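**Student:** A predicted structure for the sequence below; I have some questions about it.
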Amino acid sequence: MSKVIPLANTDKGIITITKIEKPYGENSKPVVSVGISLNGDAENPDWKAHIPLENIDEVCEAVKEAAKS
C-alpha cells in the first residue's frame with residue numbers, strides 16, 4: 001500500500017505514506033512510513049518517520065487534534 005499526497009505550498013513536494021512489512025529485517029514488525037520530499041522524489045525523501053502499526057490510531061488522533069487547535 002502506498003499513497004502520494006501533494007505537499008501544500010510547494011511546487012513539486014509530496015507526502016508519501018507506505019506500509020512496510022519488515023522494515024528492519026526478518027524479525028521486525030510492520031510500520032507505516034511517512035516520507036516528505038520537497039522535489040517530488042518518493043524513493044528518496046528529505047525526511048521520513050516510521051510509525052509502528054500499534055501506534056497508528058493514537059498518532060492519527062493526535063494529528064487530528066493538532067489540526068483543530
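**Tutor:** Right, received. Where do you want to start?
**Student:** Just say helix, strand or coil for C60.
**Tutor:** Three-state assignment for C60 (DSSP: H, G, I helix; E, B strand; the rest coil): helix.
**Student:** How confident was the prediction at S2?
**Tutor:** Listed pLDDT for S2 reads 88.
**Student:** and the nearest residue to it once chain neighbours are set aside, which of the three is it?
**Tutor:** Spatial nearest neighbour of S2, excluding adjacent residues (C-beta to C-beta, 6 or more residues apart in numbering): T18 at 4.5 Å. The way it works is simple: take the backbone N, C-alpha and C, and place the C-beta from them, glycine included. Following three-state DSSP, the label given to T18 is strand.
**Student:** Which secondary structure element is home to the residue nearest the centre of the chain?
**Tutor:** The centre of the chain sits closest to V34, judged by C-alpha atoms, centre = their mean, with a distance of 1.1 Å. Per DSSP states H and E, V34 falls inside strand 31-37.
**Student:** Pull out the buried positions in that strand.
**Tutor:** Of all the residues in strand 31-37, those buried under the rule 16 or more other C-beta atoms under 10 Å are V31, V32, S33, V34, G35, S37.
**Student:** Run through who's touching it.
**Tutor:** Identification of contacts with strand 31-37 by C-beta atoms under 8 Å, 6 or more residues apart in numbering yields 7, 13-20, 23, 42, 44-53, 56.
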